[in-house]
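**Student:** Output the structure for:
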Amino acid sequence: MTPKERAGLKSLEAALGHHFSQPQLLAEALTHPSAAHQGAAARRGYERLEFLGDRVLGLIVAELLWHRFPQDDEGVLTRRQVALVRRETLAIVAREISLGGFLVVSSGEDAAGVRMNTSVLADVCEAVIAALYLDGGLAAAQSFVERHWVRHIGATRPPRDPKTALQEWAQACGLSLPRYTVLETTGPPHRRRFTVTVLVDGVQPETASGGSKREAEAAAAAALLTALGETA
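**Tutor:** Now for the predicted structure:
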């Protein structure tokens, strides 16, 4: 770890509200796959931590919702959680603490603007949550999540994800259920882009892209709802 990186991590620790006894965990969480295994101080990228962070975030948010909304049934709680752990919400939090500026990337990816990419910022945020959990236990991760998710948890009504909203609209109109088809998959393995079209019989189809099939399907469903003058 270079002196510049070490100084940067100290600055980020203040934003995270946690001093790392294992700073290599935070360094790994901030390493883009394009910069992994490079140089004398080679380290892996953030993907493994991202995997763990996704589960840690899900647990913390589920418990927060369980306490916050005691009258909600499982379906409503699930819709609230989906909105809170989606990439867009994670990216908002990542931008609030300027995570993109701490990301270690290859020069090529840096020039391509990867630091501002919503999917990448979401992945890094999940990796940082995992690093907090591994270094400071659930309490450290929970403190961070509670502090930065509180205003999102306080939504006035439980959101519906676009796919559910489109399905309910189609059923209410007596139409076929939405069908999603992947038209194209592009990009390197660590930065896939999926292009998906959604079709409901008798309705003009819509197409959208995303960093995962789920994200692309949701975007396509949202686009079709917008075209229909509906909202999720």
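**Student:** which residues of this protein score low on pLDDT?
**Tutor:** 1-8, 37-42, 155-159, 231-232 (pLDDT under 70).
**Student:** Which stretches in it count as strands?
**Tutor:** 179-186, 193-199, 206-210 (DSSP state E).
**Student:** quick check, distance from the longest helix seen in the chain to the centre of its chain.
**Tutor:** Ranked by residue count and defined by DSSP state H, the top helix of the chain is helix 118-153. Computed by Cα atoms, centre = their mean, to the nearest Å, the chain-centroid distance of helix 118-153 equals 11 Å.
**Student:** do you know how far Thr89 is from Arg80?
**Tutor:** 11 Å (Cβ to Cβ, to the nearest Å). For the C-beta atoms, the positions are set from N, CA and C on the backbone; glycine is no exception.
**Student:** Also Phe194?
**Tutor:** In this view, Phe194 and Arg80 are 25 Å apart by Cβ to Cβ.
**Student:** Next up, the contacts around Gly187.
**Tutor:** Arg193 (Cβ atoms under 8 Å, 6 or more residues apart in numbering).
**Student:** which residue is nearest the centroid of this protein?
**Tutor:** Arg87 (2.6 Å; Cα atoms, centre = their mean).
**Student:** Of the strands of the chain, which is nearest Val105?
**Tutor:** Of all these, strand 193-199 sits nearest to Val105, with 17.5 Å by Cβ to Cβ.
**Student:** how about the longest helix of the chain: buried residues?
**Tutor:** 118-136, 140-145, 148-149, 153 (16 or more other Cβ atoms under 10 Å).
**Student:** I'd like to check the angle between that helix and strand 193-199, please.
**Tutor:** For helix 118-153 against strand 193-199, the angle by axes from the mean of the first three to the mean of the last three Cα atoms, to 10 degrees is 60 degrees.
**Student:** other SSEs contacting helix 118-153?
**Tutor:** Packing partners of helix 118-153 (3 or more Cβ pairs under 8 Å, 6 or more residues apart in numbering; DSSP states H and E): helix 3-16, helix 23-29, helix 47-68, helix 74-85, helix 87-96.
**Student:** Please parse this protein into its domains.
**Tutor:** 3-153, 162-228 (automatic domain parsing).
**Student:** on that earlier part again, can you redo the strands of the chain as TSV with distance to Ala219?
**Tutor:** Converted to TSV, those look like this (distance: least, Cβ to Cβ, whole Å):
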stretch	distance to Ala219
strand 179-186	11
strand 193-199	8
strand 206-210	4
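**Student:** Quick check: which of the ones you listed is buried the most?
**Tutor:** Counting by mean count of other Cβ atoms under 10 Å, strand 193-199 has the highest mean neighbour count of the strands of the chain, with a mean of 20.
**Student:** For that strand, name the packing helices and strands.
**Tutor:** Looks like strand 193-199 contacts strand 179-186, strand 206-210, helix 213-228 (3+ Cβ pairs under 8 Å, 6+ apart).
**Student:** what's the closest of those to Pro23?
**Tutor:** Proximity to Pro23 (Cβ to Cβ) singles out helix 213-228 among the helices and strands packed on strand 193-199, at 31.6 Å.
**Student:** ok, residues contacting that closest one?
**Tutor:** Under Cβ under 8 Å, 6+ apart, the answer for helix 213-228 is 87, 119, 161-163, 165-166, 169, 178, 180, 182, 194-198, 200, 203-210, 231-232.
**Student:** now it and strand 179-186, what's the angle there?
**Tutor:** Going by the same axes, to 10 degrees, helix 213-228 makes 120 degrees with strand 179-186.
**Student:** Which residues belonging to helix 213-228 are considered buried?
**Tutor:** 214-225, 228.
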